[in-house]
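Student: quick check, what structure comes out for this input:
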Amino acid sequence: MILGVDAGNSEVKIAAKYGLIKFLSDIGEGRNINLEQVHGEDDMVFEYEGKYGFAGSLAKYESEFVGSLMGDSKVHEDTKLRVLLGIHRYLTLNNVEEYNFQIIVGQPISKHTPLEKEGLRKLLQGKHVITVNEIKKKINIDKISVAAEAASSFWSNPQNGLTRIIDVGSGTVNYASVLEGRFIDKESGTLNFGMNTNKSNNLQALVRGIAAETLKKWNKEDNVFLVGGVAEAIKSPLKQYYPNVQVLQPIFNRKIQDPIFANAISFYNIGVSVYE
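Tutor: Prediction:
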């Protein structure tokens, strides 16, 4: 089974043949709760390799040491847990029994290097047993490909000509340039700030910071496409710097989807091309 997994710091997004899902990325310690309540549809209690914890909406509200590891690398245990939680959740929600998986995951452009990609493969590849909400699943991640975030999202809805893409995440901002399907490395990169990494939540200031960096390599008249969960929110303030900015609308199952799924859909499309 082929899965495109976008293990973001805010939400995990998955695209595969049964459709799309997303859930909160929060991971925290587990503990005894005196008054049990349902905090959201993403409530998860997990057990994995002797570790007991809360995830999703349950971690957000009930774990004292909840959080997401920010930064420009995905090679850490939180990514591993998010991917496994995502596969488990995808199977459970779709009432599917699968065991072997070929997955495509993302890595920020600045760390899309042979060393980092090999680190992700070693982290994720192999057999795993994870229990979520008392349902045990055996998962064998047989093959792994690592795609560049933002740049790969081009394949969720390919455009003609020179395409600039901005993906604002909670921990980083990836900006990519693609010309007729070819990635242009010298005009792409990763900014080490995002929606949840600054003391200020001033959206105008965040957009100005993005423009200040990207305009060093891009032109004001370029066609700029936005992806990710805040694509619609930053479109208007970014217009003063890039008048031709628009939201990239990913296509999945012949339907327009939320731009938050752009990377996951692209990862899945890449997986189908590579593995099938």
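Student: the spatially closest residue to residue 228 that is not a sequence neighbour: neighbour count?
Tutor: Leaving out its chain neighbours, the residue that sits closest to residue 228 by C-beta to C-beta, 6 or more residues apart in numbering is residue 167, at 4.8 Å. In short, each C-beta sits where N, CA and C put it, glycine included. Using other C-beta atoms under 10 Å, residue 167 has 32 other residues around it.
Student: low-confidence stretches in this protein?
Tutor: Along the chain, segments meeting pLDDT under 70 span 34-39, 67-72, 196-201.
Student: separation between the residue nearest to residue 228 and residue 84?
Tutor: Using C-beta to C-beta, to the nearest Å, residue 167 is found at 24 Å from residue 84.
Student: tell me the domain ranges of the protein?
Tutor: Per automatic domain parsing, the structural domains of the chain span 2-149+252-275, 158-249.
Student: just the terminal-to-terminal distance for the last one.
Tutor: The separation between the terminal residues of domain 158-249, taken as C-alpha to C-alpha, to the nearest Å, is 10 Å.
Student: repeat for stretch 152-168
Tutor: Stretch 152-168 stretches 14 Å from its first residue to its last (C-alpha to C-alpha).
Student: begin at 41 from here
Tutor: With the count now opening at 41, the last piece we talked about shows up as stretch 192-208.
Student: list the buried residues of that stretch.
Tutor: By 16 or more other C-beta atoms under 10 Å, the buried positions in stretch 192-208 come out as 192-197, 199, 203-208.
Student: from the chain's centroid, how far away is it?
Tutor: Mean-position distance between stretch 192-208 and its chain equals 16 Å (C-alpha atoms, centre = their mean, to the nearest Å).
Student: I figured residue 180 hits residue 166, correct?
Tutor: Yes: the pair residue 180 / residue 166 is scored as a contact, 7.3 Å apart, by C-beta atoms under 8 Å.
Student: and the nearest residue to residue 255 once chain neighbours are set aside, how far is that from residue 200?
Tutor: In this structure, residue 255 finds its nearest non-sequential neighbour in residue 281, 6.7 Å apart by C-beta to C-beta, 6+ apart. Look at residue 281 and residue 200: by C-beta to C-beta, they are 23 Å apart.
Student: picking up where we left off before, partner residues bridging the residue nearest to residue 268?
Tutor: In this entry, residue 207 is beta-bridged to residue 214, residue 267, by DSSP bridges.
Student: surely it is in contact with residue 267?
Tutor: Yes: at 4.9 Å, residue 207 counts as touching residue 267 under the criterion of C-beta under 8 Å.
Student: shared neighbours, these two?
Tutor: Common neighbours of residue 207 and residue 267, counting by C-beta atoms under 8 Å, 6 or more residues apart in numbering, are 190, 193, 302, 303.
Student: the third one touches residue 292, doesn't it?
Tutor: What that stands for is residue 302. No: using C-beta under 8 Å as the test, residue 302 is too far from residue 292 to be in contact (9.7 Å).
Student: more crowded one of these two?
Tutor: For the pair residue 302 and residue 292, the greater number of neighbours falls to residue 302 (34 against 21), based on other C-beta under 10 Å.
Student: how about residues contacting the longest helix belonging to the chain?
Tutor: Ranked by number of residues, the top helix in the chain under DSSP state H is helix 117-133. By C-beta under 8 Å, 6+ apart, the residues outside helix 117-133 that reach it are 43, 45, 47, 52, 54, 56, 58, 61, 63, 65, 67, 84, 86, 88, 95-96, 108-109, 136-138, 141, 143, 145, 160, 163-164, 168, 170, 172, 175, 177, 179, 181.
Student: of the residues you listed, keep whichever come out buried.
Tutor: If you count burial by 16+ other C-beta under 10 Å, the buried members of those come out as 43, 45, 47, 52, 54, 56, 61, 63, 65, 67, 84, 86, 88, 95-96, 108, 138, 141, 143, 145, 160, 163-164, 168, 170, 172, 177, 179, 181.
Student: so which elements touch the biggest strand by length in the chain?
Tutor: Assignment by DSSP state E gives strand 175-188 as the longest strand of the chain. With contacts defined as 3 or more C-beta pairs under 8 Å, 6 or more residues apart in numbering; DSSP states H and E, strand 175-188 has these neighbours: helix 117-133, strand 140-147, helix 154-164, strand 166-172, helix 302-315.
Student: just the helices in the stretch 191-316 of the chain please.
Tutor: Using DSSP state H, counting those that start in this stretch, the helices of the stretch 191-316 of the chain run over 243-254, 271-278, 302-315.
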